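> Provided below for reference: sequence and predicted model.
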Amino acid sequence: MDWLSLAGLILGIAAIVIGNLAEGGLTSALINLPAAVIVFGGSMAAVMVQSPFSVIKQSIIRTTWLFIPPRFNLEDLLETLCQWGYAARREGLIGLENIAQVEHSLLAKKGLNLLADGQAPAAIRNSLELDLYKQEDLGLQSAHVYDSLGGYAPTIGILGAVLGLMQVLGTLNEPSEIGPGIATAFVATIYGVGSANLIFLPMAQKLKHLVRNEYMYNELTIEGLVAIAEGEHPNSIRYRYEILKHS
């Protein structure tokens with residue numbers, strides 16, 4: 001669990017609520033169902049027009065990364081790759097088939113099977129790098145969904161405020177309702193600007209950071225598997241890791 005992300009989200013919302021109370025406002029004034037429907041429904045509708053279903057689906061799945069991020073520990077991976085290298089030297093490449101059966105990473109599983117099949121190092125690299133670039137592109141597109149939500153929400157929040165003010169104009173003959181009506185109208189703006197800057201845009205940046213970590217993890221996996229295919233000593237994988245780390 002990424003407690004920092006959870007704490008940041010709670011702190012951001014709490015800051016607005018507490019700030020509103022400190023200025024003499026009521027918490028109930030920040031709760032407005034029509035405004036929420038306009039802002040969040042409208043923003044999501046715009047993203048649905050913009051993005052294919054597969055990208056939206058992936059962005060929803062990757063939302064869990066914000067609170068339960070996958071572990072991309074390069075040091076642990078390096079040790080695993082060295083173990084695979086020693087296993088290949090002891091048992092031959094065919095012995096990697098058993099390791100592939102219990103491997104959870106689809107990229108690593110595919111690479112181990114290619115090694116066991118006796119594929120050339122260049123063929124293994126080309127095949128795995130295609131998967132690497134595809135996975136990175138999908139991850140960045142998923143992050144772009146939240147970037148887009150952060151862009152649409154404030155504008156649609158203004159639209160919600162305008163719709164609310166239109167309703168207020170219909171009650172000009174009742175001055176006592178004008179003030180509360182205007183306050184309610186601007187709740188949509190709060191939802192739009194607040195959700196963009198406290199939720200959607202930070203989520204996009206966090207996902208981009210995790211996608212970069214995933215890319216580095218998978219890139220090291222490919223380098224390690226290619227080193228094994230080329231018959232290099234497992235310690236040479238450590239040298240490749242140092243090169244990647246400083247590139």
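All right, it came through fine.

> in what helix or strand does the residue positioned nearest the centre of the chain lie?
Taking Cα atoms, centre = their mean, the centroid of the chain lies closest to residue 207, which sits 2.8 Å from it. In the assignment (DSSP states H and E), residue 207 maps to helix 201-229.

> which stretches of the chain have low pLDDT?
Low-confidence segments of the chain (pLDDT under 70): 172, 175-181, 244-247.

> Now do the residue lying farthest from the centre of it against residue 165, distance only.
For the chain, the largest distance from the centre (Cα atoms, centre = their mean) belongs to residue 173, which lies 49.9 Å off. Look at residue 173 and residue 165: by Cβ to Cβ, to the nearest Å, they are 16 Å apart. Placement of C-beta: from N, CA and C, glycine included.

> Over to residue 239?
Residue 239 is 66 Å from residue 165, by Cβ to Cβ.

> Could you do residue 124 as well?
63 Å.

> between these two, which one's more packed in?
Neighbour count, other Cβ atoms under 10 Å: between residue 124 and residue 165, residue 124 has more, with 23 against 14.

> Report the angle between the helix ranked longest in the chain and helix 201-229.
Ordering each helix of the chain by length in residues (DSSP state H) puts helix 121-169 first. On the basis of axes from the mean of the first three to the mean of the last three Cα atoms, to 10 degrees, helix 121-169 is oriented at 170 degrees to helix 201-229.

> now for helix 121-169, which elements pack on it?
helix 33-36, helix 42-50, helix 53-62, helix 106-116, helix 178-185, helix 187-195, helix 201-229 (3 or more Cβ pairs under 8 Å, 6 or more residues apart in numbering; DSSP states H and E).

> Name the residues that touch stretch 224-241?
74, 77-78, 81-86, 88-89, 93, 96, 108, 111-112, 114-115, 119-121, 124-125, 128, 220, 223 (Cβ atoms under 8 Å, 6 or more residues apart in numbering).

> Now find how far off-centre it is within its chain.
Computed by Cα atoms, centre = their mean, to the nearest Å, the separation of stretch 224-241 from the middle of its chain amounts to 31 Å.

> tell me which residues of that stretch are tucked away?
224-229, 232, 234, 236-237, 240-241 (16 or more other Cβ atoms under 10 Å).

> and residue 107, what does it touch?
Residue 107 makes contact with 128, 131-132, 135, 218, 221-222, according to Cβ under 8 Å, 6+ apart.

> Mind doing that once more with 6 Å?
Residue 107 makes contacts with 131, 218, 221, as judged by Cβ atoms under 6 Å, 6 or more residues apart in numbering.
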